[in-house]
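In: heads up, no residue letters with this:
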């Protein structure tokens, strides 16, 4: 069976393979000549590459960042009266392997600056590539410390050295954990805290660890810690019963909103009504299909962006986003982060007189110097007067939000 | 010259030839900068997937068992390999030596896993192997999600609880539970991938054409008949399974060390199925077909990037077309007639050649 192809057609087979090989190379060659993105290049425009999942399980985040970035690029081009920025967004299916492939495709396109990647695990892999190639990278939402590197844990263990070309627009996971614990302690939101987190997820585990150690410092009592994985994210009765039996009055959910929506539903069914506190992954809970938004009433979350805010910038962004993405739904904070990424980069590009005639590496040098200087400030949708440090982290104030009547309201105002 | 060799040797030489020619052509083009970054970045993953396809073919095609957990062995090799490579950091200077040590260790570790799974399962009949390998893939993923490995001045630290419980001071965390391994040294190169393919090919082809390989196929074709002539069924099935596991582990190490970070989630059921798709589309038991299908199906989604989301659709259509065409009677008969035509022509030439020789060469 295995050696049926033995004899005389070997020549044909060989030539077939050779032809396939030539075909491949031809395709590859055409890719390198600049049409990999499928869009014609505008003369003199700075090429901004974007990577994020627009298919697969995490597609909602990638789609949000893609359109958020597109809105920013369109707005800047309109203001300037010509095409000064060009965006090429590539799909990575939330897979590091595909993400590196997407990055290589963007390299063939002639990318100058990378906005991405959207999700954490792929970003860790891609940021090493950009570091080796010296391409400036600003990620809207990859929040792990491994993305920027050089961050030591409590015992002083450093896993990867600092990647000096990588900066974040979002809080790091540990910072979210710390901020959440502080917020809960300061606002006296709960005394007996239960935590349900995804121990198969880098994001969720990262926040949980820091929250746990910070809670200890702040004398917050954690009465129950339960976990789930992506494979078991359909039933939470065991975890909720554990929290209920320990009389928890606040449940901390450092997880994405899809499992959170199931938790809220099941808690309601079993008559368990503590306060629920989430982080930025909770953003989007009101858009889950088939989810009764009444269940999310009173849920608190930390997020840097509220689509229902009434300032001019947010209103304009929400309107433009709905038009660009052709949707009725409000953009989430990932879209706003991506919008801010492009706007911040454009701010720096304009201030530094960067042109597309410079090499990607020269642009990278200049942008690193600016962003790492600590004096470069940017005010956008997700915060006022943001600054970056040489470590790659952003400094901005977290905003506590509470869901009231199906919309986010700033928690401080609600009090 | 080829005609004087027996059928299998000739077929094997052609298989090696295809791999070597493909390597030389691609390496030459890559060095000349004639191919895109996108394709250059795909070379090592293609090598890894080819090795995985060949090794899975040994179980699925040659041994006739359905294995749904090949990514499990791949992940054992991947994580073992990167820990070994990190341990050799500073001790072994040469990258190639370090990669070789890591790949060998990965193969050994995956073989151990193969023996552990295979020993109880190979005594069973029916579809149990598929069920157990499926479960194994999931178990190993969950184990790796809870595995923490770190290295500091006093050596390696292991934990199944958390990174904090490793009790390290000023070291590096190699495997960080669900966050996976980060800061991997990128040791894999296209050349090392090529060598690994050759090694995998040599092992598998020689195994198939040996006494052991014939016993394995005899068990596949008729278990009762094989038992009746005194073949130890469990032993031969286990040999095929463990060799396949070891080769998958080696490919896993090659794959892992092509990226700076990997997460256990990558080695899930979908990856196992992906490799199985390569095997099935290349033809079960057809090593050469598997090589071509693994290479083409890895490159295809990347080449189709310019059509955006539709590439998923095209990919699926290609899969369906291959499946339909390879089972389509009309297409098959046309292919056969074409084959016959070629065969007749070369037979004529062969006859001429034979006539011209005085003694007349012996026929196959």
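Out: Good, I have the coordinates. None of the values given here were measured: they were computed from a predicted structure. Numbers count the residues shown, from 1 in each chain, chains lettered A, B, ... in the order given.
In: count of neighbours near the residue of the stretch 201-350 of chain B at minimum distance from chain A?
Out: Nearest to chain A in the stretch 201-350 of chain B, going by Cβ to the nearest Cβ, is residue B:260, at a distance of 3.4 Å. Heads up, the C-betas are built off the backbone N, CA and C, glycines and all. Residues contacting residue B:260 under the criterion other Cβ atoms under 10 Å in any protein chain shown number 25.
In: I'd assumed residue A:130 was in contact with it.
Out: No. The criterion here is Cβ atoms under 8 Å, and residue B:260 misses it with residue A:130 at 10.8 Å.
In: re earlier: can you give me every residue that contacts the closest residue to the residue of the stretch 201-350 of chain B closest to chain A other than its chain neighbours?
Out: The spatially closest residue to residue B:260, leaving aside those adjacent along the chain, is residue A:128, at 3.4 Å (Cβ to Cβ, 6 or more residues apart in numbering or on different chains). Contact partners of residue A:128, counting by Cβ atoms under 8 Å, 6 or more residues apart in numbering or on different chains, are A:160, A:163, B:186, B:259, B:260, B:261.
In: Give me the distance between the closest residue to chain B within chain A and residue A:163.
Out: Per Cβ to the nearest Cβ, the residue of chain A with the smallest distance to chain B is residue A:128, at 3.4 Å. For residue A:128, the distance to residue A:163 equals 7 Å [Cβ to Cβ, to the nearest Å].
In: What's the local residue count around the closest residue to residue B:207 other than its chain neighbours?
Out: Nearest residue to residue B:207, sequence neighbours excluded (Cβ to Cβ, 6+ apart): residue B:213, at 5.0 Å. Burial of residue B:213 is recorded as 21 neighbouring residues (other Cβ under 10 Å).
In: okay, now residue A:362: neighbour count?
Out: Counted by other Cβ under 10 Å, the residues lying close to residue A:362 total 14.
In: and it, that one's in a helix?
Out: Yes. With DSSP: H, G, I helix; E, B strand; the rest coil as the criterion, residue A:362 is located in a helix.
In: Show the pLDDT at it.
Out: In this model, residue A:362 is scored at 93, pLDDT.
In: Quick one: low-confidence residue ranges for the stretch 51-200 of chain B.
Out: Counting by pLDDT under 70, the stretch 51-200 of chain B contains no low-confidence segment.
In: Please repeat the previous calculation with a cut-off of 90.
Out: Low-confidence segments of the stretch 51-200 of chain B (pLDDT under 90): B:65-66, B:89-94, B:120-132, B:146, B:150-156, B:159-173, B:176-180, B:182-185.
In: Residue A:48: which element?
Out: Residue A:48 belongs to strand A:46-52 when assigned by DSSP states H and E.
In: Centre-most residue in the chain?
Out: In the absence of a named chain, this looks at chain A. Nearest residue to the geometric centre of chain A (Cα atoms, centre = their mean): residue A:141, 2.3 Å.
In: Chain B is the one I meant
Out: Of all residues in chain B, the one closest to the mean position by Cα atoms, centre = their mean is residue B:52, 1.4 Å from it.
In: ok now the strand or helix carrying that one, how far from the chain's centre?
Out: Taking DSSP H and E as the criterion, residue B:52 maps to helix B:37-57. From the chain centre to the centre of helix B:37-57 is a distance of 8 Å (Cα atoms, centre = their mean, to the nearest Å).
In: just checking, what packs against it?
Out: Packed against helix B:37-57 by the contact rule (3 or more Cβ pairs under 8 Å, 6 or more residues apart in numbering or on different chains; DSSP states H and E) you find helix A:10-30, helix A:96-109, helix B:7-32, helix B:70-87, helix B:190-208, helix B:233-256, helix B:269-282, helix B:287-303.
In: what comes into contact with the following helix or strand past the second one?
Out: Right, the one you point to is helix A:96-109. Sequence-wise, the next helix or strand downstream of helix A:96-109 (DSSP H and E) is strand A:113-116. Contacts of strand A:113-116 with the rest of the structure, by Cβ under 8 Å, 6+ apart, involve A:46-52, A:65, A:69, A:103, A:106, A:123, A:126, A:130, A:135-140, A:142, A:338, A:341-342, A:345, A:360, A:363-364, A:367.
In: Quick one: name whatever helix or strand follows strand A:113-116.
Out: Next in sequence after strand A:113-116, counting helices and strands by DSSP H and E, comes helix A:120-133.
In: which of the residues in that next one are buried?
Out: With burial defined by 16 or more other Cβ atoms under 10 Å in any protein chain shown, the residues of helix A:120-133 counted as buried are A:120-131, A:133.
In: where does the stretch 101-250 of chain A come near chain B, residue by residue?
Out: With Cβ under 8 Å from any Cβ of the partner chain as the criterion, the stretch 101-250 of chain A meets chain B at residues A:101-105, A:107-108, A:121, A:124-125, A:128-129, A:144, A:146, A:149, A:153-161, A:198-202, A:205-206, A:209, A:229-231.
In: cutoff 6 Å now
Out: Applying Cβ under 6 Å from any Cβ of the partner chain, one finds that the stretch 101-250 of chain A approaches chain B through A:101, A:104-105, A:107-108, A:121, A:124-125, A:128, A:146, A:155-157, A:159-160, A:199-202, A:205.
In: Thought residue A:363 was touching residue A:354, still the case?
Out: Yes. Between residue A:354 and residue A:363 a contact is recorded at 5.5 Å, counting by Cβ atoms under 6 Å.
In: okay, those two: which has more neighbours?
Out: In this view residue A:354 and residue A:363 are compared by other Cβ under 10 Å, and residue A:363 has more residues nearby, 23 against 20.
In: My read is that the more buried one contacts residue A:111, right?
Out: No. Residue A:363 is beyond contact range of residue A:111, at 10.3 Å (criterion: Cβ under 6 Å).
In: any idea what sits nearest residue A:102, other than its immediate chain neighbours?
Out: With Cβ to Cβ, 6+ apart, the residue lying closest to residue A:102 is residue A:90, at 3.7 Å.
In: and the one you found, what pLDDT?
Out: Predicted confidence (pLDDT) for residue A:90: 94.
In: just residue B:8 next, same as before
Out: The score at residue B:8 is 87. That number is its pLDDT.
In: Repeat that for residue A:357.
Out: In this model, residue A:357 carries a pLDDT of 89.
In: Which residue, other than its chain neighbours, is closest to it?
Out: Distances taken as Cβ to Cβ, 6+ apart put residue A:44 closest to residue A:357, at 7.8 Å, once the chain neighbours are dropped.
In: which SS class is that neighbour?
Out: Here residue A:44 is coil, with the state taken from three-state DSSP.
In: where's it relative to residue A:81, distance?
Out: Taken as Cβ to Cβ, the span from residue A:44 to residue A:81 is 13 Å.
In: Compare the two (neighbour count), which wins?
Out: Taking neighbours as other Cβ under 10 Å, residue A:44 and residue A:81 compare with residue A:44 leading, 12 against 7.
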